[in-house]
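[1] Provided below are the primary sequence and the corresponding predicted coordinates.
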Amino acid sequence: MIIKRSLKITVSQKINSQFKPKVGKDSPVRYLRGVGPAKEAVFNRNGVSTLKDLLYYFPFRYQDRRNFTKINQLKIGEFSIIKGRVIARNLHKIPYFVNKSKVKSIFGIILDDGSAKLECVWFNQAYLYDKIADKQELIVCGKLAQTKRGRQMVAPEYELAERSDLLNLGRIAGVYRLPAEFNQRFIRKLISEIIKLYCPQYPDPLPFHIRKQQNLPNIAKSFESIHLPASFEESDSARRRFIFEELFFSQIQVYLRKARQRSQRGVCLRLRQELLEELRRRLPFKLTLSQDKVLAQILKDLEKGFPMQRLLQGDVGCGKTVVVAFAIAVCLDSGFQTALMVPTEVLAYQHRETLSGLFKGLNFSGQNLRNSVRVMTSSLTRKEIKAIYEGLASGRIKVIIGTHSLIQEEVKFKNLGLAIIDEQHKFGVAQRALLPKKGLIPKPHCLVMSATPIPRSLALSLYGDLDLSIISELPKERKVPETIWVGEKKRRWVYEFLEKQLSQGRQAYVIYPLIEENQQDDIYSLESMYEIIVKRFKKYSVGIFHGQMPSSEKIRIVDSFRSGKIDILVSTTVVEVGVNIENASVMMVENPERFGLAQLHQLRGRIQRSIFQPHFILISKDNLSANSRRRLEIISKETDGFKIAEEDLILRGPGDFFGNLQHGLPQLKIADPLRDLEILSQARKIAYQVIKSDPHLDSLEHRPIKEEILAKK
Ligand code: ADP
Ligand code: MG
């Protein structure tokens with residue numbers, strides 16, 4: 001108690017003494033009257049430490065408390081607001097010996113609003129006698145109750161109507177998300193005080209010309225309107241301003257980072273037309289228009305002197321790998337190394353096959369390519385890994401394809417020219433950032449690939465400084481998969497269907513959901529599924545595949561499936577990512593209700609590579625939740641990854657959907673890039689103009705922006 005007291009004194013001394021510090025937006029909240037160390041601690045715990053933080057602590061909704069109910073219209077049990085004059089009041093103190101209950105005083109008033117009279121009472125708040133005077137006009141808000149003494153409002157919220165600065169009643173009142181220690185009245189009072197005292201001097205981070213062009217109110221007005229709006233139009237326009245402000249500054253940061261990146265020295269690669277033409281000749285197909293367009297964008301980047309930072313997006317099976325193969329070839333041809341990071345070992349070996357096949361016997365400016373495309377995973381022996389480290393450091397290994405093991409400290413390159421991350425949604429942002437190794441000069445080009453389709457403008461804001469390339473079409477000869485969703489009763493029919501497909505020479509996947517890849521129970525149930533399939537399909541060879549197997553075994557099995565030695569692969573979702581086996585055109589999924597939409601779409605992508613008509617068969621439980629049912633309906637009728645992602649978004653809500661994507665990016669407080677797409681594109685456009693015309697924000701008119709950016713650091 002004593003400590004608290006002395007602190008209080010220091011605080012007030014601080015303000016009152018002649019050494020009074022300048023109070024401004026960055027002053028700590030304890031400079032406010034009514035905020036002592038205890039309250040300050042609560043604020044700090046909730047991320048509020050300065051007056052500015054408090055001003056930016058916006059209400060999450062409003063209560064319209066402007067409409068008064070006439071007393072003769074009041075209904076028992078209903079919340080209402082009344083404005084009337086105090087015509088009588090009485091404070092009744094109850095001596096302890098009379099009444100041993102906790103009630104020590106009762107303060108009562110009679111309000112008259114012309115229609116009728118109403119009694120209001122408060123217990124143990126004797127001080128109200130001094131606050132609420134006779135004949136005063138008063139606003140009260142509460143629930144009408146029928147008590148022994150008649151109709152009353154017990155302990156209503158109240159406010160003096162004569163005050164010009166009504167905070168809680170008789171107006172639109174902001175409602176804040178608050179820690180248990182605080183109540184709405186306290187916060188409203190505090191914020192209204194800051195608004196009165198400091199807002200007039202608050203420097204607007206948005207320059208006047210931008211506000212004018214966007215028709216946004218200035219900052220002082222906006223703070224007032226968002227916390228203490230006179231109308232909903234006012235609070236809306238303030239909200240729009242703050243959303244714009246937040247998105248604008250996030251975009252300014254993006255462009256600044258981009259500019260910084262442009263000023264770095266990158267690897268300048270040489271495009272040799274004969275090589276590119278030779279590669280095209282070698283492909284068994286023609287690139288789609290989309291692939292061509294994206295390839296041109298990437299090749300152009302590789303020639304420039306600064307490092308590429310590009311996101312390559314395209315639905316499952318659109319053919320991202322082949323585009324990347326061109327870039328790798330160019331990098332090799334210029335004498336630089338390439339690193340390709342993938343989420344699974346199987347995918348690593350598959351990419352090696354694709355690349356080795358495509359590059360075989362090619363003349364890469366006279367270099368010997370034998371043994372120079374290698375795979376590194378954590379399941380190699382120590383000795384093998386050491387040999388790879390050496391090969392990378394000496395430059396003998398030209399292309400390294402690997403899992404997470406690639407980002408280990410010990411991996412050193414002689415001259416890394418290109419770093420690629422496949423299926424980037426499977427990696428965290430931090431891991432993604434590690435691959436283009438920090439500190440390498442010149443800095444390698446970086447390409448990340450993703451099959452998670454998200455709208456373009458959103459991608460731009462989420463991935464910020466990455467340029468975006470989208471492959472928007474699938475190769476034409478691709479057949480649209482037929483999706484068949486049945487219940488348990490139809491299992492026999494499904495098996496017959498499968499048998500028919502097998503007899504025509506096709507191969508099939510049987511996918512079994514594992515909640516956790518390393519749970520022994522689940523492996524058992526996978527194994528019993530395998531037994532059932534083996535018994536049912538005696539004529540065919542059946543393989544089993546899951547994440548817990550030793551990796552040599554995994555690779556052997558995928559190879560046997562690829563070469564046709566295995567007809568049916570009973571597997572977990574580890575086949576979900578990237579695996580590409582052309583003759584496998586049937587997939588049967590057990591308990592599909594356990595999978596998310598994106599995962600089902602990825603799974604179906606496995607069989608969509610086939611030149612044969614793909615069949616995707618779902619055998620679900622019979623009693624499904626509404627949400628599961630909806631997911632299966634969507635996957636049954638929709639094949640476009642974009643549309644599926646949109647539906648997914650609706651089903652799951654943006655928070656969940658972006659949870660993973662947004663990880664590691666600055667959190668937005670008031671803006672929601674999905675809802676505020678329109679404002680986002682405005683903010684982005686203007687941020688671009690600003691940085692383009694004034695890259696260092698040196699001009700006078702951009703001074704506020706620069707100050708805000710510096711303050712954020
Ligand atoms: P993803 O984009 O999902 O990584 P892949 O790169 O694995 O897809 O390509 C899927 C399959 O499509 C591969 O077998 C590939 O050879 C084939 N492919 C790629 N481009 C074309 C094309 N333009 N025409 C026909 N088939 C193609
Ligand atoms: Mg792929």
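    Happy to help now that I have it. Ligands and ions are numbered 1, 2, ... in the order given.

[2] please make it C-alpha for all contacts and neighbour counts, starting now.
    Noted.

[3] quick one: average pLDDT of stretch 693-705?
    The pLDDT scores in stretch 693-705 average 92.

[4] which outside residues touch it?
    Contact with stretch 693-705 is made by 203-207, 256, 259, 690-691, 706, as judged by CA atoms under 8 Å, 6 or more residues apart in numbering.

[5] which one in the residues you listed is the model shakiest on?
    Ala259 (82).

[6] for the contacts of stretch 693-705, work out which two are farthest apart.
    Pro203 and Ala259 (26.6 Å; CA to CA).

[7] pLDDT on stretch 586-604, on average?
    So the average pLDDT for stretch 586-604 ends up being 90.

[8] the closest residue to Ile644 other than its chain neighbours: neighbour count?
    Distances taken as CA to CA, 6 or more residues apart in numbering place Glu638 nearest to Ile644, at 6.6 Å, with adjacent residues excluded. For Glu638, the tally of surrounding residues (other CA atoms under 10 Å) stands at 15.

[9] separation between Glu638 and Asp567?
    Distance, Glu638 to Asp567, using CA to CA, to the nearest Å: 28 Å.

[10] can you give me the pLDDT of the residue of the stretch 401-550 of the chain found nearest ligand 1?
    Closest to ligand 1 within the stretch 401-550 of the chain is Pro475: 4.4 Å, counting by CA to the nearest ligand atom. We have a pLDDT of 88 for Pro475.

[11] so it sits right up against Thr288, yeah?
    Yes - Pro475 lies in contact with Thr288 (CA atoms under 8 Å); the separation is 6.1 Å.

[12] what packs against the host helix or strand of Val330?
    In the assignment (DSSP states H and E), Val330 maps to helix 320-333. Packing partners of helix 320-333 (3 or more CA pairs under 8 Å, 6 or more residues apart in numbering; DSSP states H and E): helix 273-282, helix 289-303, strand 337-341, helix 345-359, strand 416-421.

[13] pLDDT (mean, whole number) over that helix?
    pLDDT averaged over helix 320-333 gives 95.

[14] list the contacts of that helix.
    Counting by CA under 8 Å, 6+ apart, 269-272, 275-276, 279, 291, 294-295, 298-299, 312, 314, 337-338, 351, 355, 359, 364-365, 398-399, 417-418, 449, 471 sit against helix 320-333.

[15] now a PyMOL select for only the buried ones of these.
    To isolate the buried members of these in PyMOL, using 16 or more other CA atoms under 10 Å:
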select buried, resi 269+270+271+275+279+291+294+295+298+299+312+314+337+338+351+355+359+364+398+399+417+418+449+471
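
[16] how about the helix or strand harbouring Gln602: buried residues?
    Secondary structure assigned from DSSP H and E places Gln602 in helix 597-607. Neighbour-count burial for helix 597-607 flags 597-598, 600-607 (criterion: 16+ other CA under 10 Å).

[17] same check, this time on stretch 53-72
    For stretch 53-72, by 16+ other CA under 10 Å, it's 53-59, 62, 66, 68-71.

[18] same question for stretch 152-168.
    Here stretch 152-168 shows 152-161, 166-168 as buried, counting by 16+ other CA under 10 Å.

[19] just the terminal-to-terminal distance for it.
    21 Å.

[20] what sits up against that stretch?
    By CA under 8 Å, 6+ apart, the list of residues contacting stretch 152-168 from outside reads 65, 83, 118-123, 132, 136-146, 169-170, 173, 185, 188-189, 192, 228.

[21] scan the contacts of stretch 693-705 and report the most crowded one.
    Greatest neighbour count in those, by other CA under 10 Å, goes to Leu206: 23 neighbours.

[22] I figured that residue hits Glu246, correct?
    No - applying CA under 8 Å, one finds Leu206 not in contact with Glu246, separated by 10.4 Å.

[23] the lengthiest helix in the chain packs against which elements?
    Longest helix in the chain, counting residues (DSSP state H): helix 232-262. Contacts defined by 3+ CA pairs under 8 Å, 6+ apart place helix 232-262 against helix 219-227, helix 677-693.

[24] the stretch 351-500 of the chain: strands as residue ranges?
    Using DSSP state E, counting those that start in this stretch, the strands found in the stretch 351-500 of the chain span residues 373-376, 399-402, 416-421, 445-450, 467-471, 482-487.

[25] again with the stretch 601-713 of the chain
    615-620.

[26] show me where it dips below the pLDDT cut-off.
    652-667, 674, 713 (pLDDT under 70).

[27] would you mind listing what in it touches ligand 1?
    Arg609 (CA under 6 Å from any ligand atom).

[28] for the stretch 601-713 of the chain, which segments count as helices?
    626-637, 641-652, 654-662, 677-693, 703-712 (DSSP state H, counting those that start in this stretch).

[29] now the first one and helix 597-607, what's the angle there?
    Meaning helix 626-637. Interaxial angle of helix 626-637 relative to helix 597-607 (axes from the mean of the first three to the mean of the last three CA atoms, to 10 degrees): 30 degrees.

[30] which other helices and strands does helix 626-637 contact?
    strand 482-487, helix 597-607, helix 641-652.

[31] buried residues in the longest one?
    By neighbour count on 16+ other CA under 10 Å, the buried set for helix 641-652 is 641-642, 644-645, 647-649.

[32] give me the distance from it to the chain's centre.
    14 Å (CA atoms, centre = their mean, to the nearest Å).

[33] same question for stretch 130-144.
    Offset of stretch 130-144 from its chain centre (CA atoms, centre = their mean): 48 Å.

[34] ok, back up a step: got the buried residues of stretch 152-168 as a markdown table, with pLDDT, distance to Glu678 and secondary structure columns?
    Formatted as a markdown table, the buried residues of stretch 152-168 follow (pLDDT from 0 to 100; distance: CA to CA, whole Å; DSSP: H, G, I helix; E, B strand; the rest coil):
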| residue | pLDDT | distance to Glu678 | secondary structure |
| --- | --- | --- | --- |
| Gln152 | 93 | 50 | strand |
| Met153 | 94 | 47 | strand |
| Val154 | 92 | 48 | strand |
| Ala155 | 91 | 46 | coil |
| Pro156 | 92 | 43 | coil |
| Glu157 | 89 | 41 | strand |
| Tyr158 | 89 | 41 | strand |
| Glu159 | 88 | 40 | strand |
| Leu160 | 88 | 42 | strand |
| Ala161 | 85 | 41 | coil |
| Leu166 | 84 | 35 | coil |
| Leu167 | 87 | 33 | coil |
| Asn168 | 88 | 33 | coil |
